[in-house]
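K.L.:
have a look at this fold, sequence not included:
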């Protein structure tokens, strides 16, 4: 027994040393890796992933091998995914197709039926005769999310006559969806919140996204720019037998072109009994400057313009569309009545930007045969009350600066002075000494005190301010105290 114990004691350190050596090799390999190959069809996670011939099989393994290194993950064969699909460093890591591979890059698992893309940058390099980047099919009731720092660019879906696995019908043999295609997934939900779709192409329809419903699509924030298709330069959501639902928040739809219909939004009735644009068009969107024979927005094909609900109230940012009838089916915003300030204000609040996209034949930037709701996100407010640390006396005349970028990439730089009592006597009312930033769009900002009240030292702390698309505001940094139930929501003592 003593001999056996001695033998076990001797082998234990050896095993630990072997494991340590393996860990060290893994860390050394990861530190040197700048290119990883993954093949969801023929790969094997026991491979090293350093060449197409030794590709790994799963996205998890490819992500593990490249670690935080700058470099490229090359996809050699379609990767089936579920849950989160991301990279560790989207600013320095890019995903591309490997040489010779022209197929779908990611396919959503038909059993799990859920996938979330975030912090990932895919570049199709404008190669031709390819397919969508992401395909979701046979996922009825599933959910696809494309969130912050997800970028899909330069993908060209130009493959005619290809039936995606599991799809049926001749319509599936057309190039539909330059970046994302969803087929045969009834009652699925698509959420886009902070993604970018740039310079993608579909030779038939849906330059960025094609959805075959009935599907609910929610766009809280995103940038859609430079996409092209024959029909529907950005988003096509179509089903001939049932209605779809698209909700877009804080939309700026401008500079889009269509050769045969409205440049911005088109509702194609087809076989659907009721077809409308619903919601508060007046405050939830700014739609102007789109080019097409039917103007900016239109209902057409077996319908009439009376089914399109437009509103003479203010547009996003406070301007006015000044709608003008365009042919029998569309409306056009009167650009001569929209000032540069109106445009700047709309852009500052916009989170979903559809701009400079081209429909070569018809349908404009957005096309659907269902209901489109243009809603307005709840804006955030930051109200800072600065007081004397000893007396709690409110300090008016203090200048605060808020600067940074909205979720859609618009630069913001605002200054606000805490309220001055015009009576000449400062007293503790709810507004005195409060600096109010209102209508803050979702984004990431910095807050600083720029000018202190005379006789007080300026606080040099720079705070991080974050606003999400639900209007929730958070401030990180010392000194600012969160307050509930008051006119102001943060208290600063000096």
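P.N.:
The structure has been received and is ready for your questions. Everything numeric here is computed off the predicted structure, so don't read it as measured data. Residues are numbered from 1 along each chain as shown.
K.L.:
test for you: state the pLDDT assigned to residue 201.
P.N.:
Turning to residue 201, the model gives it a pLDDT of 95.
K.L.:
does it touch residue 179 like I think?
P.N.:
No: assessed by CB atoms under 8 Å, residue 201 is found out of contact with residue 179, at 9.4 Å. C-beta coordinates here come from the backbone N, C-alpha and C atoms, glycine included.
K.L.:
more crowded one of those two?
P.N.:
Using other CB atoms under 10 Å as the criterion, residue 201 and residue 179 rank with residue 179 on top: 31 against 26.
K.L.:
between residue 201 and residue 179, which contacts overlap?
P.N.:
Contact criterion CB atoms under 8 Å, 6 or more residues apart in numbering; residues shared by residue 201 and residue 179: residue 155.
K.L.:
for residue 376, give me phi and psi.
P.N.:
Main-chain dihedrals, residue 376, degrees, to the nearest 10: phi -120, psi 130.
K.L.:
verify the contact between it and residue 249 for me.
P.N.:
Yes: Residue 376 lies in contact with residue 249 (CB under 8 Å); the separation is 6.7 Å.
K.L.:
common neighbours of those two, please.
P.N.:
residue 284.
K.L.:
from residue 400, how far out is residue 344?
P.N.:
The spacing between residue 344 and residue 400, counted by CB to CB, to the nearest Å, is 21 Å.
K.L.:
more neighbours, those two?
P.N.:
Neighbours were counted for residue 344 and for residue 400 using other CB under 10 Å; residue 400 has more, 22 against 12.
K.L.:
so the residue lying closest to the more buried one once chain neighbours are set aside: helix, strand or coil?
P.N.:
Counting by CB to CB, 6 or more residues apart in numbering, the nearest residue to residue 400 once its immediate chain neighbours are dropped is residue 435, at 4.6 Å. Here residue 435 is strand, with the state taken from DSSP: H, G, I helix; E, B strand; the rest coil.
K.L.:
what sits against residue 435?
P.N.:
Remark: with contacts taken as CB under 8 Å, 6+ apart, residue 435 is in contact with 383, 384, 386, 398, 399, 400, 416, 417, 418, 419.
K.L.:
so what sits opposite it in the bridge?
P.N.:
Note on residue 435: beta-bridge partners by DSSP bridges are residue 384.
K.L.:
please tell me how far it sits from residue 476.
P.N.:
Using CB to CB, residue 435 is found at 18 Å from residue 476.
K.L.:
and if you look at residue 101?
P.N.:
43 Å.
K.L.:
the two - which one has more neighbours?
P.N.:
residue 101 (19 against 10).
K.L.:
check which helix or strand covers the more buried one.
P.N.:
Using DSSP states H and E, residue 101 sits in no helix or strand.
K.L.:
next, residue 341: phi, psi?
P.N.:
Taking degrees, to the nearest 10 as the convention, residue 341 sits at phi -60, psi -40.
K.L.:
quick one, what contacts it?
P.N.:
Contact analysis of residue 341 by CB under 8 Å, 6+ apart lists residue 319.
K.L.:
per-residue pLDDT, it?
P.N.:
Note on residue 341: pLDDT of 92.
K.L.:
among the contacts of residue 435, which ones are buried?
P.N.:
Buried residues within the contacts of residue 435, counting neighbours by 16 or more other CB atoms under 10 Å: 383, 384, 386, 398, 399, 400, 416, 418, 419.
K.L.:
burial count for the nearest residue to the fifth one once chain neighbours are set aside?
P.N.:
Spelled out, it's residue 399. By the measure of CB to CB, 6+ apart, the closest residue to residue 399 outside its immediate chain neighbours is residue 451, 3.8 Å from it. Here the number of neighbours of residue 451 (other CB under 10 Å) works out to 13.
K.L.:
could you do residue 139 as well?
P.N.:
Residue 139: 26 surrounding residues under other CB under 10 Å.
K.L.:
tell me the buried residues in stretch 86-102?
P.N.:
Neighbour-count burial for stretch 86-102, counted by 16+ other CB under 10 Å, picks out 86, 87, 90, 93, 94, 95, 96, 97, 98, 101.
K.L.:
can you list contacts of it?
P.N.:
Residues outside stretch 86-102 that contact it (CB under 8 Å, 6+ apart): 37, 52, 63, 66-77, 105, 117-125, 127, 129-131, 149, 151, 159.
K.L.:
now do the helices in the stretch 51-200 of the chain.
P.N.:
Ranges of helices within the stretch 51-200 of the chain are 59-66, based on DSSP state H, counting those that start in this stretch.
K.L.:
shaky segments in the stretch 51-200 of the chain?
P.N.:
Along the stretch 51-200 of the chain, segments meeting pLDDT under 70 span 161-173.
K.L.:
could you pull out the strands for the stretch 201-350 of the chain?
P.N.:
Along the stretch 201-350 of the chain, the segments classed as strands by DSSP state E, counting those that start in this stretch run 201-205, 209-212, 215-225, 228-231, 235-238, 245-249, 251-254, 257-258, 265-268, 277-278, 285-288, 297-300, 323-326, 330-333.
K.L.:
who does the longest one pair up with?
P.N.:
Read that as strand 215-225. Here strand 215-225 has these sheet partners by DSSP bridges: strand 188-198 (parallel), strand 245-249 (parallel), strand 352-355 (parallel).
K.L.:
could you dump the ones you listed to JSON lines with mean neighbour count and distance to residue 365?
P.N.:
Shown next, in JSON lines, are those (neighbours: other CB atoms under 10 Å; distance: least, CB to CB, whole Å):
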{"stretch": "strand 188-198", "mean neighbour count": "22", "distance to residue 365": "11"}
{"stretch": "strand 245-249", "mean neighbour count": "22", "distance to residue 365": "11"}
{"stretch": "strand 352-355", "mean neighbour count": "26", "distance to residue 365": "5"}
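K.L.:
residue contacts, the residue nearest to residue 399?
P.N.:
397, 398, 399, 458.
K.L.:
go with 10 Å
P.N.:
Going by CB atoms under 10 Å, 6 or more residues apart in numbering, residue 451 touches 397, 398, 399, 400, 401, 415, 417, 458.
K.L.:
count of neighbours near the first one?
P.N.:
Looking back up the chat, that one is residue 397. Residues contacting residue 397 under the criterion other CB under 10 Å number 17.
K.L.:
with that, I have no additional questions.
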